[in-house]
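S.K.: What shape does this take:
(2 chains)
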Amino acid sequence: MDTHKMYDVIIIGAGSLGTPAAYYLASSGLKVLVLETVPSVGQGSNKRAIGGIRATHSDPAKIRLCLRSIEIFSTFKETYGKDIEWDQCGYSFVAYTPREEKILKDLLDIQKSYGLVNDWYEKNDLLKIVPDLTPRDLIGGTFSPNDGSASPLLSNHAYFTLACEKGAEFRFCEPVIEMAVQNGKITTVTTSCDTYSAGVVLNAAGASASEIGRMAGVEIPVRADSHEAAITEPVARFLGPMIVDIRPAPGSSNYYFYQHTTGQIIFCITPSPNIWGEDVNETSSFLPMVARRMISIMPRLRNIRVRRTWRGLYPMTPDGFPIIGWSETVTNLLLGVGLCGQGFMLGPALGELLTRAVQGNLIAEDAETLRYLSPQRHFDGQELLK
Amino acid sequence: MTSYRITQHPILPIPEAKEIEFYWQDTPLTAKEGETIAAALFANGIHTFGHHHKDGSPLGIFCANGQCSQCMVIADGKPLKSCMELVTPGMRVYPNDGHPLLPEVKSVPELNPIPEIEIPVLIIGGGPAGLSAAIELGKLGVEVILVDDKHRLGGKLVLQTHRFFGSTEAVYAGTRGIDIATRLEKEVRAHSSIQVWTQTTCLAVFSDKKIGVLKEGKHYILLHPQVLLVATGAREKFLAFKGNTLPGVYGAGAFQTLVNRDLIRPAEKLFIVGGGNVGLIAGYHALQAGIGVVGLVEALPQCGGYKVHKDKLVRMGVPIYTSHTILSANGHDHVESVTIAKVDEHFQPVAGSERSFACDSLLIAVGLDPVNEFFHKAKDFGVTALVAGDAEEIAEASAAIFSGKIKGLEVAQQLGLNVGEIPSDWYRTGEILKSKPGNVLSEELPDLPAGVVPVFHCNQEIPCDPCSALCPQHLIYIDKQDIRSTPTFTEDNFACKACMKCVAGCPGLAITLVDYRTSTERPLVSIPYEFSRESINIGDEVTIEDTQGDELGTTTVVNVRALKANDRTIVIQVEADRNIAARIAGIRIQNPAITQPMLQYVNHVADDTIVCRCEHVTAGEIRECIRKGYRDINEIKTVTRACMGACGAKTCAPLIHRIFREEGVPYDKVTDPSRRPVFIEVPLGTFAGVNEEDEE
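M.R.: Got it, this is the predicted structure:
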């Protein structure tokens, strides 16, 4: 093989994880190639993310990773000179029934034990933070002021530009069609156009992660769940935090919305039951379902005009936690898959972590993170706040 | 305050309407009941409706068709498209400056389920194609819902004051567009199986084969048709040039809407870009409304529209600058002048050829694109769907009427009805009606100066035949097998009774009658005239011109005939010397002073060539992306926000493709932006079944 087709790392997928990983790997001095099926960066599930970034999870791995991501996102403009529309708007999970109050309060104990800033606010105090919530039946809610939001499109594109500056190569419209494995290692990666080789192959293929895994003979328990989202016209700022309502209702297990720095409200539901498969065509059921739910808790939204809707894929794992680490059977295959719809917020911190994994210079906390997210775990737990 | 209403019009009646009061920035103003907010503002001379959130530049009406979102205002606290919403008594209207504040709402409104309706046929669009299709289905008793986003049916027919070209047998050639609209509407409404929903906009075709519509501007309904017919017409193309978003720059359709539907005079001095039929006809409509037309530029060496339309405009005194382009629209917060220049064979401006003209409005008529997104989505999602009219292929309205009729029967076939075979000659007629203007033949003048002779100042092959149908003596011949052939006179000079039906009825105003019966030396020439009766009188001295608008001298009007049978076309008669009589095609209407260039051209240096009107993205920004190597328009969207605005890339995507072409990037290397619902912005409450009248 030509030496110019040999790389230290081949990343499959220029999305939420693959693009920041390309930047961090290239910055560490490695020769990086990114292979992508579609014509430009972030055009798979990344651009369909609504842009929320929170550390208020329920497990040490994601909490640690997202705290690091928030550090990166919140200082991105100062560090790299690129505006990614970061806004430290906070998250508020609201409780209208005792069920949610209990879930949220139980979670608070866990979250606080990891040092997160998140507090319970009784009804009247919560209404001071979110005055437009409908007060009827409101019990209270949590507010985590350090969480925030940014533009997935701009963030991913910024990482792309930075990665290119560091020498990473991107090949678009080049789907991977075959991988050769010898003695437990991937030796070559073949696309629709060419064949390449690398010391390490990083599977960051989002919803296609299982398919890529199978090319190397590795079964990866990731399957796509299709979520629908929408964006409105811009209006003057009236809403502070991201609002999350975890009450189940017919068709959806929860929904959430926030006002982006552009003034637009962006919203999304989690379908219940899950809608398995890769269909991302718009459905007629989404808007009526989500509109009712949103107006029920914030009637002011009745007059904001919906501009566009779309669907995106959540690459789900059996327990709702990402799969991060080396494959047991194919030893140069690194997995950064199954991010369960949180690829955007996890991407920067995971990009750094995976770079340390490739360079062999893991830091102390990484061990715990990788243990929680290990590909070899039994997948018998359940994420509490998917 | 000065009123900018049209108070007399040669073709259109001026209806009586109740006056109502509304407020603009707290000042009371008068509007007419039943008109849009935009029309009411224009009637009061207000053209700037807000300022852009990004750069503070003034915003005004552009499409007047509910598509572009440039005309947003805040009416009674809510952001609304002023071109689509009617003004109401006491309405308080404010400019949309930056982002509006969402009104506070105290209580949760009643949330109602979204109705779902199964229907054999849904027709989207009540223009010429949709109405014609509905009529065929109505005759068969098929249950149809026909939706149209406007307040009245007819589509763009309601803006067309001129007589239609085409076939007298197959369509309604010789009848004015506005009257065709009325006839088609009446026929549709006579069929009880057709439900007509006006003010109803299609929002999306969903993958579960349901179609979301916004009924009467407020109720969201999901329709589940067995067959969908998309007859959504066309949208106007936009053009990138400096100053192109200044208020006063309009799409041709917007201008025609304001003038011919709303009876508003939006301009005093108009300049036109584009020499296709739309631009040429809009120029004629402007003159009829008493608006000066300073000039028209066309980038090609010839106008693309019918030659009779072009000739007519030139004769009336409108200069046409072929092989010219617009460089800029100039002005502070409204158009004050335009700068044009000659172009070379590569369509590049020739330095030193710049000229500026004082004008207050600029009309863009550079072609149409089909509105076919619903059809494509329907096909992708496996909905049984057909497409008719401009949504299928851009052509004249007469072609759309005929193609709608055929599609109506094809829809019936899809439903499994036995409608027999659709005659193959219908398809041929459809093709003929769609045909582009053909060869220009040399003009033939009559040989024998005796009796009465019709002269056809019509020497281009176009699908049109009313003259041959109108002559009671059958003295005018057009090949019925192919009506694109030009008319010929049977040369029976003594059979013509000078009834003037051909003169008054020619849609191109291209037939004159030379009457040698009283004098062979100074024959009487009859000329069609479609301006107000008051504007011409016996004894007036007029400048007479040949077909192409070259001056033949002056003469005196000896007679003015305004016969009811001639349907608002007046015939004026002049005497002229025998050697020029047959060459006279018309008289000049416009004083040449209005068409003179300014002494010095206005050099517009600001880099404000806007490609994306919604997000104010410049051509320079797009070019920079292309030069960086971007080939996916989605990537350009990511970094510039072009295509992210309210209109959903309807305006800018073709312009971005054009810049790619200019930069030498082949079409197949460029990825189109994703197209997503919804078609227009709709309040969230509407999707939750909130009743608009419900107390807030």
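S.K.: Which parts of the stretch 151-300 of chain A are helices?
M.R.: A:152-165, A:209-215, A:286-297 (DSSP state H, counting those that start in this stretch).
S.K.: And the last one, what does it pack against?
M.R.: Contacts defined by 3 or more C-beta pairs under 8 Å, 6 or more residues apart in numbering or on different chains; DSSP states H and E place helix A:286-297 against strand A:223-234, strand A:242-245, strand A:251-259, strand A:264-272, strand A:305-316, helix B:684-687. Placement of C-beta: from N, CA and C, glycine included.
S.K.: and if you look at the shortest one?
M.R.: Other elements packing on helix A:209-215 under the criterion 3+ C-beta pairs under 8 Å, 6+ apart are strand A:176-182, strand A:195-203, strand A:333-337.
S.K.: how far does the shortest one sit from the chain's center?
M.R.: Counting by C-alpha atoms, centre = their mean, to the nearest Å, strand A:333-337 is centred 15 Å from the centre of its parent chain.
S.K.: thinking again about what came up before, would you turn the helices of the stretch 151-300 of chain A into JSON lines with mean neighbour count, distance to residue A:75 and mean pLDDT?
M.R.: As requested, the helices of the stretch 151-300 of chain A are exported to JSON lines (neighbours: other C-beta atoms under 10 Å in any protein chain shown; distance: least, C-beta to C-beta, whole Å; pLDDT from 0 to 100):
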{"stretch": "helix A:152-165", "mean neighbour count": "23", "distance to residue A:75": "13", "mean pLDDT": "98"}
{"stretch": "helix A:209-215", "mean neighbour count": "20", "distance to residue A:75": "30", "mean pLDDT": "98"}
{"stretch": "helix A:286-297", "mean neighbour count": "24", "distance to residue A:75": "32", "mean pLDDT": "97"}
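S.K.: among the helices and strands packed on helix A:286-297, which is the most enclosed?
M.R.: Most buried of the helices and strands packed on helix A:286-297 by mean neighbour count (mean count of other C-beta atoms under 10 Å in any protein chain shown) is helix B:684-687; its value is a mean of 26.
S.K.: next one: it to chain centre, how far?
M.R.: The answer for helix B:684-687 is 32 Å, by C-alpha atoms, centre = their mean.
S.K.: what's in contact with that helix?
M.R.: Applying C-beta atoms under 8 Å, 6 or more residues apart in numbering or on different chains, the contact partners of helix B:684-687 are A:232, A:287-288, A:290-291, A:294-295, A:301-306, B:109, B:114, B:214, B:218-220, B:692.
S.K.: Quick check: buried residues in the worst-scoring helix or strand of chain B on mean pLDDT?
M.R.: Between all helices and strands in chain B, the lowest mean by mean pLDDT, DSSP states H and E belongs to strand B:78-81, at a mean of 89. For strand B:78-81, burial by neighbour count (16 or more other C-beta atoms under 10 Å in any protein chain shown) applies to B:78, B:79, B:80, B:81.
S.K.: Going by distance to chain A, which of those wins?
M.R.: residue B:78 (5.7 Å; C-beta to the nearest C-beta).
S.K.: how much space between the closest one and residue B:681?
M.R.: Counting by C-beta to C-beta, to the nearest Å, the separation of residue B:78 from residue B:681 is 12 Å.
S.K.: likewise residue B:39?
M.R.: In terms of C-beta to C-beta, residue B:39 sits 21 Å off from residue B:681.
S.K.: which other helices and strands contact the lengthiest helix in chain B?
M.R.: Looking across chain B with DSSP state H, the single longest helix is helix B:397-414. Here helix B:397-414 touches helix B:128-139, helix B:177-189, strand B:219-230, strand B:385-387, helix B:424-434, going by 3+ C-beta pairs under 8 Å, 6+ apart.
S.K.: Just the buried positions in that helix, please.
M.R.: Residues B:397-412, B:414 are the ones in helix B:397-414 that count as buried (16+ other C-beta under 10 Å).
S.K.: returning to what we had before: now, of the helices and strands packed on helix A:209-215, which is deepest in the fold?
M.R.: strand A:333-337 (a mean of 28).
S.K.: Please state the offset of the helix or strand that that strand is followed by from the chain centre?
M.R.: Counting by DSSP states H and E, the element after strand A:333-337 in chain order, helix or strand, is helix A:343-359. Distance of helix A:343-359 from the chain centroid (C-alpha atoms, centre = their mean) equals 12 Å.
S.K.: So is helix A:343-359 next to chain B?
M.R.: No - using C-beta under 8 Å from any C-beta of the partner chain, helix A:343-359 stays clear of chain B, with a minimum separation of 13.8 Å.
S.K.: And the helix or strand following that helix, what's buried?
M.R.: Proceeding N to C from helix A:343-359, the next assigned helix or strand is helix A:364-372, under DSSP H and E. Within helix A:364-372, the residues that count as buried by 16+ other C-beta under 10 Å are A:366, A:369, A:370, A:372.
S.K.: just stretch B:69-86 next, same as before
M.R.: B:69-75, B:78-86.
S.K.: Who are the packing partners of the helix or strand containing residue B:311?
M.R.: Using DSSP H and E, residue B:311 sits within helix B:307-315. Applying 3+ C-beta pairs under 8 Å, 6+ apart, one finds that helix B:307-315 makes contact with helix B:277-288, strand B:320-322, strand B:586-587.
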